[in-house]
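Engineer: please work out how this folds:
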Amino acid sequence: MTVPFIPREFAKDTIEFFRQSSPHVKSLLDLVFTPPVSETASEEDLKEYETMMKEYETELARHRLRYQKHEEKAARCMHDAIRNLPEDMYDEAVRKGSMLPPESLQFHAMYKDQLMRESLSDWELFKMQTFSNLMHIRYSHSEAKKKHRDKFYISESAALNLRKERAKKEKNLM
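Structural biologist: As a prediction, this is how the structure comes out:
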């Protein structure tokens, strides 16, 4: 059995970023997690915010439930469709696994301009680009993973050995 693994050479940039001086990390965390704070927020504003937040959470839960039911139904339909295939097609469908259409025919490629650039404001495009940059910093190895999937899986015994080595190094550093 194999387990997921990120080779050192692909994680090096991320590790170095977080090992650098704290201003980099503090700036990143401030950008991602700190909401704008209003110095002039009154008691009424806070109550209104709490009321709106509760409404939002209620609506979000309702939408998530509806989405979850939709996903379950889609999964059942997919499995039913595969089960109902003729025997020779069933074996082929199971053997091939996921068959994605060419990149140019995928939804995100066909409608990216229409969905992103035409419907988003400049500020939203800036936030989307910032998010994309952060994801590239964190997961810079994603392109390599698509091309060389076998590098990103190792046997369980190798994973245990790596954990033991790391624990031993940490113990020696203390």
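Engineer: residues near Tyr79, how many?
Structural biologist: Just to correct that, residue 79 is His rather than Tyr. Neighbourhood size, His79 [other CB atoms under 10 Å]: 10. C-beta: built from backbone N, CA, C; applies to glycine.
Engineer: tell me how far the residue nearest to the spatial centre of the chain lies from Glu143.
Structural biologist: Centroid check for the chain by CA atoms, centre = their mean gives Met135 as the closest residue, at 8.4 Å. When distance is defined by CB to CB, to the nearest Å, Met135 is 12 Å away from Glu143.
Engineer: Ser132 too?
Structural biologist: Taking CB to CB, one finds Ser132 at 13 Å from Glu143.
Engineer: now swap in Lys54 and tell me
Structural biologist: Counting by CB to CB, the gap from Lys54 to Glu143 is 42 Å.
Engineer: show me where pLDDT drops low in this protein?
Structural biologist: Residue ranges of the chain with pLDDT under 70: 1-3, 18, 21-22, 24-26, 28-40, 89-101, 174.
Engineer: now do the strands in it.
Structural biologist: Taking DSSP state E as the criterion, the chain contains strands spanning 2-4, 153-155.
Engineer: what helices and strands are in contact with the longest helix anywhere in the chain?
Structural biologist: When the chain is parsed with DSSP state H, its longest helix is helix 43-83. For helix 43-83, the elements it packs on are helix 87-96, judged by 3 or more CB pairs under 8 Å, 6 or more residues apart in numbering; DSSP states H and E.
Engineer: ok, how many other residues are close to His108?
Structural biologist: Neighbours of His108 (other CB under 10 Å): 9.
Engineer: quick one: residues contacting it.
Structural biologist: For His108, no contacting residues are found, by CB atoms under 8 Å, 6 or more residues apart in numbering.
Engineer: state the distance from it to Glu118.
Structural biologist: Taking CB to CB, one finds His108 at 15 Å from Glu118.
Engineer: ok, now Glu59?
Structural biologist: Distance, Glu59 to Glu118, by CB to CB: 26 Å.
Engineer: how about Phe131?
Structural biologist: With CB to CB as the criterion, Phe131 and Glu118 are 19 Å apart.
Engineer: same drill for these two, tell me which one is more crowded.
Structural biologist: Taking other CB under 10 Å, Phe131 and Glu118 do not tie; Phe131 has more neighbours (11 against 8).
Engineer: OK, contacts around the more buried one?
Structural biologist: Contacts of Phe131 by CB under 8 Å, 6+ apart: none found.
Engineer: gap between it and Ile137?
Structural biologist: Computed as CB to CB, the Phe131 to Ile137 distance reads 11 Å.
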